[in-house]
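Student: Structure for this input, please:
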Amino acid sequence: MDIRLIAMDLDGTALQPDRKTFSPRLCAALDAAHAKGVAVVPITGRQFFILPPAVHKDVKWAGLVVLSNGVEVRRLTDGSVLSGHYLQAESLLPLVEEAGKLGVPLELSAGEGLYLTRADWEYQRQIDGPLHFHLVEVLDRFGHEVEDMNAFCRSAPAIDKVNLPYIPDEAREAAERMLNSLPLSWFWSGPRSVEVGHPDASKAAGLLEVCRLLDVSPAQAMALGDSGNDIPMLQCAGLGVAMGNAPAEVKEAAGAVSAPCDQDGAALAVERYVL
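Tutor: Purely as a prediction, here's the structure:
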């Protein structure tokens, strides 16, 4: 297979468990692929302001990044937006109302920050374990308290996505029914977390836009991922490779399965299928 583009998820796929760095083996593999003329593009649920320094360091790979599950395509060098699909108040207000009825916390991502009410902030602080990184590394740096979420939805420009960072198991089915009833795209980004975006936004759409910009056929792309939000991208690419740490539904959507991310699964995939 003639692979000309590597589209890689970050958290749980390309990044180490520290969520900040790439392994030396993956860096070497990606550099070797780049030397062969293969473009490397991160396609992530993260926003531009939350990208780890390691991503900016390796802009030579292609200089592009797909953000917020396909909401934006940007240049890494200066952050300029090449394409974007943003949420409007009319679609956000029903989501805010329904999330409140279910009693699950909600965050809006806009500009260079995350916006949530004090009650939702405190809700997350009471949960042990899975939200530690999000609280310490993200909200403590980029979080902003909002007094009236409905008013914020009506006034905030360029809302790129909504996080539902913790959905209890007992609310899972009701949350899925609610999300399916709204004109939005949504993905399970973790065992208890959902990311919501514009209906035209997905990692597959982001991959197709990158292919257009780089003049590469999607059939010549290899996608690497581990979570539910990666499934559209894994199915869109000529070859989709799931990490060994991915849940069963992600592995089933992929054409191949590599080792877990903490065992250099991404590097092994590049070495096997590209190098």
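
Student: what bits of the stretch 151-275 of the chain have low per-residue confidence?
Tutor: For the stretch 151-275 of the chain, no stretch has pLDDT under 70.

Student: the helices in the stretch 1-150 of the chain, which residues?
Tutor: 24-35, 53-57, 89-102, 118-125, 132-133, 140-142, 149-155 (DSSP state H, counting those that start in this stretch).

Student: Can I get those helices in a markdown table including distance to residue 183 and mean neighbour count?
Tutor: No exception for glycine: its C-beta is placed from N, CA and C like everyone else's. Listed next are these as a markdown table, based on distance: least, Cβ to Cβ, whole Å; neighbours: other Cβ atoms under 10 Å:
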| stretch | distance to residue 183 | mean neighbour count |
| --- | --- | --- |
| helix 24-35 | 37 | 17 |
| helix 53-57 | 32 | 14 |
| helix 89-102 | 6 | 16 |
| helix 118-125 | 23 | 15 |
| helix 132-133 | 31 | 12 |
| helix 140-142 | 28 | 12 |
| helix 149-155 | 15 | 16 |
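
Student: Which of these has the lowest mean pLDDT?
Tutor: Lowest mean pLDDT within the helices of the stretch 1-150 of the chain: helix 132-133, a mean of 67.

Student: Could you export the helices of the stretch 1-150 of the chain as CSV, including distance to residue 172?
Tutor: As requested, the helices of the stretch 1-150 of the chain are exported to CSV (distance: least, Cβ to Cβ, whole Å):
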stretch, distance to residue 172
helix 24-35, 33
helix 53-57, 32
helix 89-102, 10
helix 118-125, 17
helix 132-133, 21
helix 140-142, 27
helix 149-155, 23
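
Student: so which of those comes closest to residue 191?
Tutor: helix 132-133 (14.0 Å; Cβ to Cβ).

Student: any idea where the strands of the stretch 51-200 of the chain begin and end?
Tutor: For the stretch 51-200 of the chain, the strands defined by DSSP state E, counting those that start in this stretch cover 64-67, 72-75, 81-84, 107-110, 113-116, 143-145, 159-164, 185-188, 194-197.

Student: To residue 232, which of those lies closest?
Tutor: Nearest of the strands of the stretch 51-200 of the chain (Cβ to Cβ): strand 185-188, 8.2 Å.

Student: What strands line up against the closest one, and which way round?
Tutor: When sheet partners are counted by DSSP bridges, strand 185-188 sits next to strand 194-197 (antiparallel).

Student: which residues touch the helix or strand just after the partner strand?
Tutor: Later in the chain than strand 194-197, the nearest helix or strand by DSSP states H and E is helix 203-214. Defining contact as Cβ atoms under 8 Å, 6 or more residues apart in numbering, one finds that helix 203-214 is touched by 5, 7, 9, 39, 41, 43, 62, 64, 66-67, 69-70, 73, 82-83, 85, 216-218, 221, 223, 225, 229-230, 232-233, 235-237.
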